[in-house]
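Peer 1: Predicted structure and sequence below. I'll ask about it afterward.
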Amino acid sequence: MKNKITVAIAGQEYTMVAEEDENYVHRCATLVDSQVRDVMDGARLGRSDAAVLAAMNIADQFFREQEASENLRRQIKDGLDENARLKMELSEAKREIFKLQNAHKS
C-alpha cells in the first residue's frame, strides 16, 4: 500500500508517495533537510543548487559506507576461511595423535 506523506525540506513542503512507513520517510526527509540546510548555511545558494550539493554529500556518504561494508564482508569471509583452515588442522592433529597413541600401545 502506498502512503502519501508530507515532509518539509529547507522550508518547502513536499508530498511523498512511498510504500515505506511514515517514520522511515520522515527519517529520510530529516537527513535531506539537514544536508540541504548545512550546505545553505552561510552560503548564498538557491534551494536547487543546495539540493544538488546535498545530494552529492549524501552520495559520497553512501559510497563510503558501501566501501566500509564491503571491507567488513571481506574481513568476515577471511575470518571464516581462517576458521575453516584451523578446524581442518585441528582435525588432522587429532588423527595424528590417535595414530601415535595406537602405535605406542602396540
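Peer 2: Noted; the coordinates are in hand. Residues are numbered from 1 along each chain as shown.

Peer 1: residues touching the closest residue to Q12 other than its chain neighbours, list them.
Peer 2: Among residues not flanking Q12 along the chain, R47 sits closest, at 6.7 Å (Cβ to Cβ, 6 or more residues apart in numbering). Any C-beta I mention is one placed from the backbone N, CA and C, and that applies to glycine too. By Cβ atoms under 8 Å, 6 or more residues apart in numbering, the residues touching R47 are A10, Q12, V36, M40.

Peer 1: And those, which two are furthest apart?
Peer 2: Farthest apart among the contacts of R47 by Cβ to Cβ are Q12 and M40. That separation is 11.9 Å.

Peer 1: What ranges does the protein have for its helices?
Peer 2: Ranges of helices within the chain are 22-40, 47-105, based on DSSP state H.

Peer 1: so which of those helices gets nearest M16?
Peer 2: Here helix 22-40 is closest among the helices of the chain (Cβ to Cβ), at 5.4 Å.

Peer 1: contact partners of that closest one?
Peer 2: Residues from elsewhere that reach helix 22-40, judged by Cβ under 8 Å, 6+ apart: 3, 5, 7-10, 14, 16, 18, 45, 47, 50-51, 53-54, 57-58.

Peer 1: can you rerun that using 6 Å?
Peer 2: Contact with helix 22-40 is made by I5, V7, I9, A10, M16, A18, A50, A51, L53, A54, N57, I58, as judged by Cβ atoms under 6 Å, 6 or more residues apart in numbering.

Peer 1: So which of those residues wins on neighbours?
Peer 2: A54 (23 neighbours; other Cβ atoms under 10 Å).

Peer 1: Tell me the spacing between that residue and K2.
Peer 2: 25 Å (Cβ to Cβ, to the nearest Å).
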